[in-house]
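J.: what shape does this take:
(chains A and B)
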Amino acid sequence: MRIIRGIAASPGIAIGPAHVFQPEDLHVPVQFVSNPEAEWQRMQEAFQKAKNQLQEIASQAAGRLQQQDVAIFEAHLQMLEDPELQASVQAAILHEGKNAESALMENAERYAVQLESLNDEYFRARAADIRDVARRCLRILLGKPQPDITLLQPSILVARDLTPSDTVLLDKSRLLGFCTAEGGATSHTAILAKALGIPAVVGAGPQVLEIEQNQQLVLDAWHGQVVLDPSEDILKQFQDKQRAARAQAAQERADAAKPAITRDGRRVEVVANVGHLDDAHQAVALGAEGIGLLRTEFLYLDRQTEPDEEEQYRAYRAIFEVMGERPVVIRTLDVGGDKALPYLDLGHEENPFLGWRAIRMCLDRPAFFKTQLRAILRAAVGHDIRIMFPMIATVREVRQARALLEEARLELEHAGVPFGRQIQVGIMIEIPSAALMADALAKEVDFFSIGTNDLTQYTLAVERTNKRVAHLSNALDPAVLRLIARVIEEGHRAGIWVGMCGEMAGDERALPILLGLGLDEFSMAPTLIPHAKALIRSCSLEACQAIARHSLTLSDYTEVETYLQAVNSLA
Amino acid sequence: MPELTLTIQHKVGLHARPASLFVREAAKFQSNIMVFHDGKEANAKSILSVLALGVNQGAQITLRAEGPDAEMALQALQALIEKNFGEAE
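T.: As a prediction, the model looks like this:
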């Protein structure tokens, strides 16, 4: 028995055999051929064979492919048939006498580099596509088998990392879980696992690749570990845990619509983080009492021009209608130099997380910002809507944003357009300066919502996506907890409510501390809501207050984690 | 040689699905069809070259066709672009 540790990217327990997906590194032989005509013939046969393979996979997968998966297939087929690629490969073989392998790989790489230079996520994905297609042909030329991702039995997929074009072929009905050597919490694998609701441990290091085909595994994605060849005892423990977890999840779902009230009578709101219309439907189905964070970026990304007021109005309205009378906190645009929007010159920044982003950018572009504000105000008619400004660092920014909101109101008033009049205005607390100035900020707004991902990153000076320092970042760090405590205390002193919409709000370990500190609203991914509500119902506020008080006195997050584990094992 | 200048209205430009449909339509014709944009040119039947043009929304492209069905090819591509690749907006 052996244990490998990684990052828990999607919770749950999976037990089953490993399916190791490890495409071998391909060597491209470079040589000149004596019979170019025959070589070109060989190349054409390889193209045809690759095409047949893709078509066969597509027909096997027919019916269970998502629309975006179909698009990947079509892109691959079109690239395979590309007349320019074929002509350049043909010329390299017939005129320069190159062998098929090197002629193909050089020309495919040339296109991949060209596409990558367009410097956009979409083109980087297409560059990966052409490389995938070329490798498929290369394996055919070399007489090597295509790496097989076909699951013949329910399995845990083990790989270095996975790309969309790998997982497109995956039979998700036989997939028990993911275990990868590389990748982080935001990798394709992690996102896919969460969407499918199956466990994943990612970034577990190169030892993962030593796992053998069909080796028995326990994937414990609650604790980010993989157990190889578990002993009878351990296996039985996890089987019991898995069975209990399934029964518990079913019960929690059944109770999801009931309120979240602690044993001693403290009621808190449990609401959802929502990124688009589908999430809103899911949120309602899973017992969300509202939306605590409606991200509006979905309207702005992956397009060439900015969304106009009418388009925004319709999109917001559709989501508000799904939520009915439930409150919705809608966050104004939160983008910066880490995202490229063709119609907004955000520029390239050395340090986009400290740069011109979110409210800073919006305040500098009042016309652009007011378009969004008018759309929200109009869509708010008949609903309980709360506007939230992201990335507030100073009181002055709040005043400026409120002034623009007032201008947007007056514009609608003058135009005689109906709009929502009972709207709360709040801010995200995600910058340490805002947490420290919470007393002054609380006088300017109707609510606070704490964004723990950024608050942690800025407080500890750790970029979340930087693998080498990511382990230093933990929202349970007492420095972060003290800021959170201060924000809640100052908010309550001024008589406003305080919520949280970072990942911490849905983290069951942090829940007793947050309850104890007096948090009023917990906003999380919809799938986490039933469990969070059940946990809150099992807590006593008084006990949580003691846990919170003690946590604030500890010296670093490892101490907090150890303490919470000890408390949990007592409960 | 017939030639035609058009504006791409689709919100993603001549990328993704629109590019795929465009190339597929062009491939139905025998004629050579070229796309010109921003000083670059591409074979309309080549997805890789069309993508590499980087045609964004609102950009103009010029199409030129040469061959037995040149006129028909341009008409078909014009119709596809003007119908916004079959999408409502």
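
J.: list of residues touching stretch A:530-549?
T.: A:248-249, A:251-253, A:255-256, A:258-266, A:268, A:270, A:286-287, A:481, A:485, A:506, A:508, A:511-517, A:522, A:524, A:564, A:567 (Cβ atoms under 8 Å, 6 or more residues apart in numbering or on different chains). Any C-beta I mention is one placed from the backbone N, CA and C, and that applies to glycine too.

J.: count of neighbours near the closest residue to chain B within chain A?
T.: Ranking the residues of chain A by distance to chain B (Cβ to the nearest Cβ) places A:Gln304 first, at 3.3 Å. Applying the criterion other Cβ atoms under 10 Å in any protein chain shown, we find 19 residues in the vicinity of A:Gln304.

J.: that one sits in which helix or strand?
T.: Under the criterion DSSP states H and E, no helix or strand holds A:Gln304.

J.: again with A:Gly499
T.: Of the helices and strands defined by DSSP H and E, A:Gly499 is found in strand A:497-500.

J.: dump the helix or strand just after that strand to CSV, restricted to CA.
T.: Tracing the chain C-terminally past strand A:497-500 and defining elements by DSSP H and E, one meets helix A:511-517 next. Listed next in CSV are the C-alpha coordinates belonging to helix A:511-517 (Å, rounded to 0.1, in the frame of the first residue of the first chain):
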residue,chain,number,x,y,z
LEU,A,511,-17.7,26.9,8.0
PRO,A,512,-17.6,26.8,11.9
ILE,A,513,-15.2,29.7,12.0
LEU,A,514,-17.2,31.8,9.6
LEU,A,515,-20.5,31.1,11.5
GLY,A,516,-18.7,31.9,14.7
LEU,A,517,-17.4,35.2,13.4
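
J.: so how far is helix A:511-517 off the chain centroid?
T.: In terms of Cα atoms, centre = their mean, to the nearest Å, the centre of helix A:511-517 is set 25 Å apart from its chain centre.

J.: my guess is the residue of chain A closest to chain B contacts B:Leu14, does it?
T.: No: using Cβ atoms under 8 Å, A:Gln304 makes no contact with B:Leu14, being 10.1 Å away.

J.: mind checking the SS state of the nearest residue to A:Gln207 once chain neighbours are set aside?
T.: For A:Gln207, ignoring the flanking residues on the chain, the nearest one in space by Cβ to Cβ, 6 or more residues apart in numbering or on different chains is A:Ile4 at 5.3 Å. Assigned state for A:Ile4: strand (three-state reduction, DSSP: H, G, I helix; E, B strand; the rest coil).

J.: and A:Leu118, by the same measure?
T.: Using three-state DSSP, the structure places A:Leu118 in coil.

J.: mind listing what the closest residue to it other than its chain neighbours touches?
T.: Leaving aside its chain neighbours, A:Leu118 sits nearest to B:Gly54 (5.3 Å; criterion: Cβ to Cβ, 6+ apart). B:Gly54 makes contact with A:118, A:123, B:13, B:37-38, according to Cβ under 8 Å, 6+ apart.

J.: where does B:Gly54 land on pLDDT?
T.: Reading off the confidence values, B:Gly54 has pLDDT 86.

J.: which elements pack onto the helix or strand where A:Leu157 lies?
T.: Of the helices and strands defined by DSSP H and E, A:Leu157 is found in strand A:155-159. The criterion is 3 or more Cβ pairs under 8 Å, 6 or more residues apart in numbering or on different chains; DSSP states H and E, and the helices and strands that strand A:155-159 contacts are strand A:13-21, strand A:175-180, strand A:216-220.

J.: okay, the ones you listed in JSON lines with distance to chain B next?
T.: Putting those into JSON lines (distance: least, Cβ to the nearest Cβ, whole Å) gives the following:
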{"stretch": "strand A:13-21", "distance to chain B": "27"}
{"stretch": "strand A:175-180", "distance to chain B": "27"}
{"stretch": "strand A:216-220", "distance to chain B": "35"}
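
J.: redo those as TSV? Include mean pLDDT, distance to A:Arg537 and mean neighbour count.
T.: Compiled in TSV, the helices and strands packed on strand A:155-159 are given as follows (pLDDT from 0 to 100; distance: least, Cβ to Cβ, whole Å; neighbours: other Cβ atoms under 10 Å in any protein chain shown):
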stretch	mean pLDDT	distance to A:Arg537	mean neighbour count
strand A:13-21	95	23	21
strand A:175-180	95	29	26
strand A:216-220	96	25	24
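
J.: A:His348 is nearest to which of the ones you listed?
T.: strand A:175-180 (30.0 Å; Cβ to Cβ).

J.: now do the closest one: distance to the chain's middle.
T.: Distance of strand A:175-180 from its chain centroid, counting by Cα atoms, centre = their mean, is 17 Å.

J.: sheet partners, orientation included, of it?
T.: Take DSSP bridges as the rule and strand A:175-180 pairs in its sheet with strand A:155-159 (parallel), strand A:200-202 (parallel).

J.: give me whichever of the ones you listed is most buried.
T.: Among the strands paired with strand A:175-180, judged by mean count of other Cβ atoms under 10 Å in any protein chain shown, the one packed with the most neighbours on average is strand A:200-202 (a mean of 30).

J.: return the mean pLDDT over that strand, rounded to an integer.
T.: On average, the pLDDT along strand A:200-202 is 94.

J.: contacting residues around that strand?
T.: With Cβ under 8 Å, 6+ apart as the contact definition, strand A:200-202 has outside contacts at A:6-10, A:177-180, A:182-185, A:187, A:189-190, A:193-194, A:219-221, A:224-226.

J.: what of stretch A:279-295?
T.: A:253, A:255-259, A:269-275, A:316, A:319, A:322-323, A:326-331, A:334, A:384, A:388, A:449, A:499-501, A:505, A:521-524, A:526-527, A:529-530, A:533.

J.: so how far is that stretch from its chain's centroid?
T.: Relative to where its chain is centred, stretch A:279-295 has its mean C-alpha point 16 Å off (Cα atoms, centre = their mean).

J.: who are the contact partners of the residue nearest to A:Ala159 when sequence neighbours are not counted?
T.: Distances taken as Cβ to Cβ, 6+ apart place A:Phe21 nearest to A:Ala159, at 4.3 Å, with adjacent residues excluded. Listed by Cβ under 8 Å, 6+ apart, the contact set of A:Phe21 reads A:147-149, A:157-159, A:162, A:166.

J.: and what of A:Ile319?
T.: If a contact means Cβ under 8 Å, 6+ apart, then A:Ile319 has A:274, A:276-277, A:280, A:291, A:294, A:328 as its contacts.

J.: helix, strand or coil: sort out B:Leu4 for me.
T.: For B:Leu4, the secondary structure call by three-state DSSP comes out as strand.

J.: could you report the separation of it from B:Leu74?
T.: Distance of B:Leu4 to B:Leu74, given as Cβ to Cβ, to the nearest Å: 5 Å.

J.: neighbour count: those two, which is higher?
T.: Between B:Leu4 and B:Leu74, counting by other Cβ under 10 Å, B:Leu74 is the more crowded of the two (22 against 15).

J.: next one, pLDDT for that one please.
T.: pLDDT at B:Leu74 comes out at 95.

J.: so how far is B:Ile61 from it?
T.: With distances defined as Cβ to Cβ, the gap from B:Leu74 to B:Ile61 amounts to 12 Å.

J.: how about A:Ser523?
T.: Using Cβ to Cβ, one obtains 45 Å as the distance from A:Ser523 to B:Ile61.

J.: looking at the two, which is more packed in?
T.: The residue with more neighbours, out of A:Ser523 and B:Ile61 and counting by other Cβ under 10 Å, is A:Ser523; that gives 27 against 22.

J.: quick one on the thing from earlier: retrieve the pLDDT associated with the residue nearest to A:Gln207.
T.: Looking at A:Ile4, its pLDDT is 95.

J.: that one reaches A:Gly224, doesn't it?
T.: No: counting by Cβ under 8 Å, A:Ile4 sits too far from A:Gly224 to count as a contact (9.7 Å).

J.: coming back round to it: give me the buried entries from the contacts of stretch A:279-295.
T.: Listed as buried from the contacts of stretch A:279-295 are A:253, A:256, A:269-274, A:316, A:319, A:322-323, A:326-331, A:334, A:384, A:388, A:449, A:499-501, A:505, A:521-524, A:526-527, A:529-530, A:533; burial here means 16 or more other Cβ atoms under 10 Å in any protein chain shown.

J.: fine, thanks again, bye for now.
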